[in-house]
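In: have a look; sequence and predicted model below, questions after that.
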Amino acid sequence: MAAAALAPSAIVAVVGAGTMGAGIAQVAALAGHRVQLHDARFGAADEGKRQIGEALARAVAKGRLAAADAAAALARIDTVVTLADAAVAKLVVEAIVEDLAAKRELFLQLEHIVEPSCILASNTSSLSITALAAGLKHPARVVGLHFFNPAPLMPLVEVVRGLTTAADVAATAFATAAAWGKMPVHVTSTPGFIVNRVARPFYAEALRLLAEQAAAPATIDAVMRDAGGFRMGPFELMDLIGHDVNLAVTRGVWEACFRDPRFTPSLIQQELVAAGHLGRKSGRGFYDYGPGTVPAAAQAEAPQARPPRIAVHGDGEVWAPLVERWAAAGLVVDRGRADSRFPEGAVHVPGPGAGTWLALTDGRTATARMADTGVRDLVLFDLALDYATAARLAVARADTCSDAAYAAATGALQAAGLAVSRFDDVAGLAVMRTVAMLANEAADAVVQGVADAAAIDLAMRQGVNYPRGPLAWADAIGAAPLRTVLVNLAAHYGEDRYRVSPLLARRAATGGRLHG
């Protein structure tokens, strides 16, 4: 429902003056509110305000904020010693330790201090808003306001409705976040909300690839960046987040979802945490961050001879720009009939024997497709966000593929200007299986009423900087091909982890869209 934002004259209290609390206080103060910043630890609120002042000064120095506006915002922030000082606040945002009992105790205290009309908001990233409100006299006023770090810069805010949250409270919180210059999305309180739920496969599939020794972390990261279009690869991102934090979130979602195998934590990450290799903050994770350390390099195949011509069989709509790159590079592109062995299209590269076939992965291993098609010299390539601009592709060869045939396929891809990174013959390669699982999880979130499709895609683009919303990405590929990938992954692993979302299955049957 439509609602007005809190007026700038309304006082906002922020409890917890750490990085997130100070960031939220800064956002509210810049929006014109008088802010009361409190922390139970002596001196923490003053330190938080000092950090806010430094952040505002940096924004002024970079020309993003006028000096007068920065000074006025800082003047609107008061540090308060006791919770009782928040008695006149119209909104209280808690940003304390991520502990259900501690947050509930805080809300119970606040209930005796603030007016019944005051909104109580939690910045929790995954705890149940319903559970936080349980036992309060006025549970309808409890809502989630999940900001992303750093709060002053990240645009997304998840506005989370618990079972008892009043519709007008959620609407006011949404409107207020928008008035503060954020991009809010409505979310139902479920484990992980949108971002921490839908993003799980980005880490989980990479960890599984590593467990199967498909490629080294640096190579998988490079493929996810250079082909998938992600700003960071999964291993460098986990190192940045911290493996203790990432594992805790994964374990929390897994436990809250009754140990759904889709969210099963990784033994590899558990070992890193046990060893204290937490990533950048400890100096070591998947990568070594010690002084003088040379960054790990991604694997790329040595240059191979380019073929004079290739033959394209079938439409290959998703990877059609790759054909244009071959033509622009001067290769003769012949058009052949669709081959029944490759209904989605394939490329034939002339060479030794019967030549080499190149095909987009469909969730089977190259060796399994060889057995199904009878094509011994078969090389599969990975999905790309945009084949017209991708700088790298991952490939896998069937166990029966000869070295000469593989070299011919490599040379053909290199002729299009692509770095070629060889993976061991794993099902679905890297980008394809990850995008399929992201889209599948997003589709399940729609089915289960967590949020609508537009909100989910917006959240994933603005909350974790994905190059495309997973549902819009699924529409670009087609629901039916993605369903095939998931079915093949499920058959390969024999696990419920890859079960197909009912919504994705329906759209695959009708050719309908997932986003809009």
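Out: Arrived safely, thanks for sending.
In: quick one, strands of the stretch 51-200 of the chain?
Out: With DSSP state E, counting those that start in this stretch as the criterion, the stretch 51-200 of the chain has strands at 77-80, 91-94, 119-122, 142-147, 156-161, 183-188.
In: residue 60 is nearest to which of these?
Out: Nearest to residue 60 among these is strand 77-80 (16.1 Å), distances taken as C-beta to C-beta. C-beta: built from backbone N, CA, C; applies to glycine.
In: adding distance to residue 218, write the strands of the stretch 51-200 of the chain out as JSON lines.
Out: Putting those into JSON lines (distance: least, C-beta to C-beta, whole Å) gives the following:
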{"stretch": "strand 77-80", "distance to residue 218": "43"}
{"stretch": "strand 91-94", "distance to residue 218": "40"}
{"stretch": "strand 119-122", "distance to residue 218": "38"}
{"stretch": "strand 142-147", "distance to residue 218": "32"}
{"stretch": "strand 156-161", "distance to residue 218": "29"}
{"stretch": "strand 183-188", "distance to residue 218": "33"}
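In: contacts only, for the closest residue to residue 136 other than its chain neighbours.
Out: Distances taken as C-beta to C-beta, 6 or more residues apart in numbering put residue 111 closest to residue 136, at 5.6 Å, once the chain neighbours are dropped. Applying C-beta atoms under 8 Å, 6 or more residues apart in numbering, we find residue 111 in contact with 120, 136-138.
In: from these, which is closest to residue 403?
Out: If you rank the contacts of residue 111 by distance to residue 403 using C-beta to C-beta, residue 120 comes first, at 65.8 Å.
In: pull the contacting residues for residue 211.
Out: With contacts defined as C-beta under 8 Å, 6+ apart, the neighbours of residue 211 are 266-268.
In: of those - the most surrounded one?
Out: residue 266 (20 neighbours; other C-beta atoms under 10 Å).
In: ok, it - contacts?
Out: 203-204, 207-208, 211, 247, 250.
In: got it, and residue 260?
Out: Applying C-beta under 8 Å, 6+ apart, we find residue 260 in contact with residue 254.
In: ok, and the closest non-adjacent residue to residue 31?
Out: Distances taken as C-beta to C-beta, 6+ apart put residue 180 closest to residue 31, at 4.5 Å, once the chain neighbours are dropped.
In: what about that neighbour, neighbour count?
Out: Using other C-beta under 10 Å, residue 180 is surrounded by 21 other residues.
In: likewise residue 178?
Out: Residues contacting residue 178 under the criterion other C-beta under 10 Å number 14.
In: so after the helix or strand hosting residue 273, what's the next helix or strand?
Out: Counting by DSSP states H and E, the secondary-structure element that holds residue 273 is helix 267-275. If you walk from helix 267-275 toward the C-terminus, the next helix or strand you reach (DSSP H and E) is strand 309-313.
In: partners of that following strand, with directions?
Out: Next to strand 309-313 in the sheet, as set by DSSP bridges, lie strand 332-336 (parallel), strand 346-349 (antiparallel).
In: how about the helices of the stretch 351-500 of the chain, start to end?
Out: Taking DSSP state H, counting those that start in this stretch to define them, one finds helices in the stretch 351-500 of the chain at 366-373, 403-415, 431-447, 453-464, 470-477, 479-493.
In: quick check: mean pLDDT of the longest one?
Out: Meaning helix 431-447. When pLDDT is averaged over helix 431-447, the result is 98.
In: next, the angle from that helix to strand 183-188.
Out: For helix 431-447 against strand 183-188, the angle between stretch directions is 70 degrees (axes from the mean of the first three to the mean of the last three C-alpha atoms, to 10 degrees).
In: tell me what helix 431-447 is packed against?
Out: For helix 431-447, the elements it packs on are helix 195-198, helix 200-211, helix 217-226, helix 453-464, helix 470-477, helix 479-493, helix 502-510, judged by 3 or more C-beta pairs under 8 Å, 6 or more residues apart in numbering; DSSP states H and E.
In: buried stuff in the fourth one?
Out: Same thing as helix 453-464. 453, 455-464 (16 or more other C-beta atoms under 10 Å).
In: same thing with the last one?
Out: Under the neighbour-count criterion of 16+ other C-beta under 10 Å, helix 502-510 has 503-508 buried.
In: how about the second one?
Out: Using 16+ other C-beta under 10 Å as the burial criterion, the residues of helix 200-211 that qualify are 200-210.
In: mind checking how far residue 76 is from residue 69?
Out: 11 Å (C-beta to C-beta, to the nearest Å).
In: repeat that for residue 281.
Out: Note on residue 281: its distance to residue 69, by C-beta to C-beta, is 33 Å.
In: same thing with residue 187?
Out: Counting by C-beta to C-beta, the gap from residue 187 to residue 69 is 31 Å.
In: more neighbours: these two, which one.
Out: In this view residue 187 and residue 69 are compared by other C-beta under 10 Å, and residue 187 has more residues nearby, 28 against 13.
In: list the contacts of residue 198.
Out: Residue 198 makes contact with 192, 438, 441-442, 445, 456, 459-460, 470, according to C-beta under 8 Å, 6+ apart.
In: including distance to residue 104, could those go into a markdown table?
Out: As requested, the contacts of residue 198 are exported to a markdown table (distance: C-beta to C-beta, whole Å):
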| residue | distance to residue 104 |
| --- | --- |
| 192 | 20 |
| 438 | 33 |
| 441 | 29 |
| 442 | 31 |
| 445 | 26 |
| 456 | 28 |
| 459 | 26 |
| 460 | 30 |
| 470 | 33 |
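In: for those residues, which one is nearest residue 388?
Out: Closest approach to residue 388 among the contacts of residue 198 (C-beta to C-beta): residue 470, at 20.9 Å.
In: count the residues that sit near the closest one.
Out: Residues within reach of residue 470, counting by other C-beta under 10 Å, total 30.
In: and for residue 282?
Out: If you count neighbours by other C-beta under 10 Å, residue 282 ends up with 16.
In: so for it, what's the pLDDT?
Out: Per-residue confidence for residue 282 comes out at a pLDDT of 97.
In: neighbours of the nearest residue to it once chain neighbours are set aside, how many?
Out: Using C-beta to C-beta, 6+ apart and skipping residues adjacent in sequence, the residue nearest residue 282 is residue 276, 5.9 Å away. Neighbour count of residue 276, defined by other C-beta under 10 Å: 11.
In: quick check: which element contains residue 37?
Out: When secondary structure is defined using DSSP H and E, the element that contains residue 37 is strand 35-38.
In: distance between that strand and the chain's centre?
Out: The offset between the C-alpha centroid of strand 35-38 and the centroid of the whole chain comes to 32 Å, using C-alpha atoms, centre = their mean, to the nearest Å.
In: same check on stretch 473-490?
Out: For stretch 473-490, the distance from its own C-alpha centre to the chain's C-alpha centre is 18 Å (C-alpha atoms, centre = their mean).
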